[in-house]
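>>> this is a predicted model, with the sequence first.
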Amino acid sequence: MKLLFLLIGVAFAAAVNIEQSTFPQIKWIDPNRYYEGRGNSVHLGRVEDSGERPALDGEVAYQVGIFADRGVFCGGALISERAVLTAAHCIDGRHIWEIYLGTNDLSLATENSMRVLVSMHAVLHEDYDVLTNANAVGLIILPDAVTFADKVSPVLLPKVTQQDKWENKDIEPIVSGWGITSRSELANPTVLNVTKALLVSNSACEEIYGSDAIFSSTICLGIQTPNPGPCPGDAGGPIVIDDNGEKVLIGIVSWGPRQECRSTMPQIATSTTSYLKWIADHGGPNVRP
């Protein structure tokens, strides 16, 4: 699996029926970069069995698909009745977003559980830097409150007290998305996939990408090869852990090495714990104590 403009549009939306014959064609939004000449022999660790596979019905009911204007596709996470969290570059320079909820297969336009909302209201982090990818978060505000069901339900954001809980912990978060699984793949994705990752220290990522690309708000992911990690089409998608039976969103997919989706180099995500207050202040759920 696998520009700086604040969009606060006037809220306008409606549920729309998307016929299969008009299924959008995708232009990948790909902020991935070349990092030639960097040392890449750092031991990142490996997930013993990443278990990459199609998602089960309702397994990642918080996952949404986002079609933005100009043919761009991203993932996102439903975090409340009215808010979707995604990556900044999925919002920057765009004005309208179709939000797909309640389905694992985007080609099944007649599926009863799928709902499509159209929004023209999004908030880009005011300090987002398109060159460094700092503060790469944004919110899409839905026009109507979503009715939760088995296949549509929000994911929790971390509590304030959990901000440092996962650092240097041996956990394997779940990453999900409709992104391509190889850069040679040409067909539009339709089936939602899930895979396991491994948290990698930011210091290890700095040895590979340099300190100018890694921030305190960065999460680094190691992926078991030959299974793919996040790739074009997965940007903005959720990175979730199971915390005593609760699904908690610890990050959103941001970027990775351009060389190949199956690269042994780490993938980069943005930590949600760094933006809890920002999210709450701009239309997301209240911060949990």
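Noted; the coordinates are in hand.

>>> burial count for the closest residue in space to Ser153 that isn't next to it in sequence?
Residue nearest to Ser153 in three dimensions, not counting chain neighbours: Ala61, with 4.4 Å by CB to CB, 6 or more residues apart in numbering. Using the backbone N, CA and C atoms, a C-beta is placed for each residue, glycine as well. Counted with other CB atoms under 10 Å, the neighbours of Ala61 add up to 22.

>>> tell me where the stretch 101-250 of the chain has strands.
115-119, 122-124, 137-141, 174-177, 193-196, 198-200, 218-222, 238-243, 246-255 (DSSP state E, counting those that start in this stretch).

>>> and of those strands, who's closest to Ala77?
Ala77 sits nearest to strand 238-243 of all the strands of the stretch 101-250 of the chain, at 4.0 Å, using CB to CB.

>>> below-threshold pLDDT in this protein: ranges please.
Across the chain, the ranges flagged by pLDDT under 70 are 1-52, 109-113, 163-170, 180-189, 223-232, 257-264.

>>> tell me which stretches of it form helices.
Remark: helices assigned in the chain by DSSP state H are 202-209, 276-281.

>>> before we move on, back to that, make JSON lines out of the strands of the stretch 101-250 of the chain and add distance to Gly65 and mean neighbour count.
Converted to JSON lines, those look like this (distance: least, CB to CB, whole Å; neighbours: other CB atoms under 10 Å):
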{"stretch": "strand 115-119", "distance to Gly65": "9", "mean neighbour count": "19"}
{"stretch": "strand 122-124", "distance to Gly65": "16", "mean neighbour count": "24"}
{"stretch": "strand 137-141", "distance to Gly65": "12", "mean neighbour count": "26"}
{"stretch": "strand 174-177", "distance to Gly65": "9", "mean neighbour count": "26"}
{"stretch": "strand 193-196", "distance to Gly65": "12", "mean neighbour count": "22"}
{"stretch": "strand 198-200", "distance to Gly65": "26", "mean neighbour count": "22"}
{"stretch": "strand 218-222", "distance to Gly65": "21", "mean neighbour count": "25"}
{"stretch": "strand 238-243", "distance to Gly65": "12", "mean neighbour count": "21"}
{"stretch": "strand 246-255", "distance to Gly65": "13", "mean neighbour count": "24"}
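
>>> save those strands as CSV, and put in distance to Ile268 too.
Below are the strands of the stretch 101-250 of the chain laid out as CSV (distance: least, CB to CB, whole Å):
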stretch, distance to Ile268
strand 115-119, 26
strand 122-124, 19
strand 137-141, 13
strand 174-177, 12
strand 193-196, 16
strand 198-200, 10
strand 218-222, 6
strand 238-243, 11
strand 246-255, 5
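
>>> to Ser211, which of those strands lies closest?
strand 218-222 (10.6 Å).

>>> and that closest one, what does it pack against?
If contacts are counted by 3 or more CB pairs under 8 Å, 6 or more residues apart in numbering; DSSP states H and E, strand 218-222 sits against strand 198-200, helix 202-209, strand 267-271.

>>> switch to 6 Å and redo it
strand 198-200, strand 267-271 (3 or more CB pairs under 6 Å, 6 or more residues apart in numbering; DSSP states H and E).

>>> as JSON lines, the ones you listed with distance to Val240 would be great.
Converted to JSON lines, the helices and strands packed on strand 218-222 look like this (distance: least, CB to CB, whole Å):
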{"stretch": "strand 198-200", "distance to Val240": "13"}
{"stretch": "strand 267-271", "distance to Val240": "11"}
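
>>> among these, which comes closest to His89?
strand 267-271 (11.0 Å).

>>> partners of the closest one, with directions?
strand 218-222 (antiparallel), strand 246-255 (antiparallel) (DSSP bridges).

>>> hmm, who's touching the longest one?
The set of residues external to strand 246-255 that reach it, using CB atoms under 6 Å, 6 or more residues apart in numbering, is 31-32, 77, 87, 136, 155-158, 219, 230, 234-241, 268-272.

>>> right, and the residue nearest to Ser153 touches Phe148 too?
No - assessed by CB atoms under 6 Å, Ala61 is found out of contact with Phe148, at 8.3 Å.

>>> any idea how far the residue lying closest to His125 once chain neighbours are set aside is from Pro154?
The spatial neighbour of His125 that comes closest, neighbours along the chain excluded (CB to CB, 6+ apart), is Asn135 at 4.4 Å. According to CB to CB, to the nearest Å, Asn135 and Pro154 sit 23 Å apart.

>>> most tightly packed of the helices of the chain?
helix 202-209 (a mean of 18; mean count of other CB atoms under 10 Å).
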